[in-house]
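Participant: Here is my input; please provide its structure:
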Amino acid sequence: MSRYRGPKIRIVRRLGELPGLTAKTTTRETLPGQHKKVRGKQNNISSYSIRLQEKQKLRYNYGLTEKQLFSYVKEARRLKGSTGSVLIQLLEMRLDNIVYRLGIGNTIPASRQIVNHGHIYVNGKKVTIPSFQCSPNDVIEVRNRVTSKELAKQYLEKPSYNTVPQYLEFEKDNLKGKVKRVAENTETNLNINELLIVEYYSRR
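Facilitator: Numbers count the residues shown, from 1 in each chain. A predicted model of the protein is given here:
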């Protein structure tokens with residue numbers, strides 16, 4: 001399954017607020033479709049459906065394909081610690097997410113494009129791979145070019161509900177950030193139950 005490129009508000013109406021996917025919000029409580037069902041009040045929701053929705057929240061928020069997400073789940077199983085917590089840590093430490101969390105991009109898709117176009121340096125070297133895994137003490141900065149700095153400043157000037165988390169620090173004047181430590185699963189700005197996602201993939 002490829003990365004989703006359709007209407008974002010439709011996904012927000014179905015799954016709830018996804019700050020990484022879009023900065024747009026909606027006041028409509030009904031699910032997309034002609035039956036006008038209210039989100040969270042559907043009858044006879046199966047346990048599989050609940051787990052599927054949690055998995056979809058994670059996939060759409062971080063902008064992953066199904067194959068990519070499953071690869072992260074397998075990697076989280078291999079590493080030491082709670083699979084759900086490690087999974088969130090892996091996703092939070094992606095470069096495109098770090099750029100988004102620093103405020104250089106207002107969404108993860110926008111941040112992914114910024115990285116792809118070569119506007120971001122990690123430890124003094126240009127990195128154009130959005131899935132690059134950042135580590136503690138990594139320095140993330142905007143490329144020293146007028147166009148790159150202007151692009152970052154445009155996003156930083158936009159009103160945003162996203163604040164820099166405690167595992168990062170950011171010098172707004174220099175457009176330079178630093179990863180202080182590995183992210184905790186409680187520091188994500190997404191309301192999600194990672195245990196249900198682990199259960200969803202438990203038979204694969």
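Participant: following the worst-scoring helix or strand of the chain on mean pLDDT, which helix or strand comes up?
Facilitator: Least confident helix or strand of the chain, by mean pLDDT, DSSP states H and E, is helix 8-15 with a mean of 82. Elements were assigned by DSSP states H and E; along the chain past helix 8-15, the next helix or strand is helix 47-62.
Participant: ok and that next one relative to helix 8-15, angle-wise?
Facilitator: Using axes from the mean of the first three to the mean of the last three C-alpha atoms, to 10 degrees, the inter-axis angle of helix 47-62 relative to helix 8-15 is 150 degrees.
Participant: Residue 138 and residue 184: what is the separation?
Facilitator: Note on residue 138: its distance to residue 184, by C-beta to C-beta, to the nearest Å, is 17 Å. In this view, the C-beta of every residue, glycine as well, is placed from N, C-alpha and C.
Participant: The two - which one has more neighbours?
Facilitator: Counted by other C-beta atoms under 10 Å, residue 138 and residue 184 do not tie: residue 138 has more neighbours, with 18 against 14.
Participant: List the residues that contact the closest residue to the more buried one other than its chain neighbours.
Facilitator: Spatially, and ignoring its direct neighbours in sequence, residue 138 is nearest to residue 179 (4.6 Å; C-beta to C-beta, 6 or more residues apart in numbering). Contacts for residue 179 (C-beta atoms under 8 Å, 6 or more residues apart in numbering) come out as 93, 98, 134-138, 140, 167-168.
Participant: try 6 Å this time
Facilitator: By C-beta atoms under 6 Å, 6 or more residues apart in numbering, the contact list for residue 179 reads 134, 136, 138.
Participant: wait, which of the residues you listed is closest to residue 69?
Facilitator: In terms of C-beta to C-beta, no member of the contacts of residue 179 lies closer to residue 69 than residue 134, at 18.7 Å.
Participant: how many neighbours does that closest one have?
Facilitator: Residues contacting residue 134 under the criterion other C-beta under 10 Å number 24.
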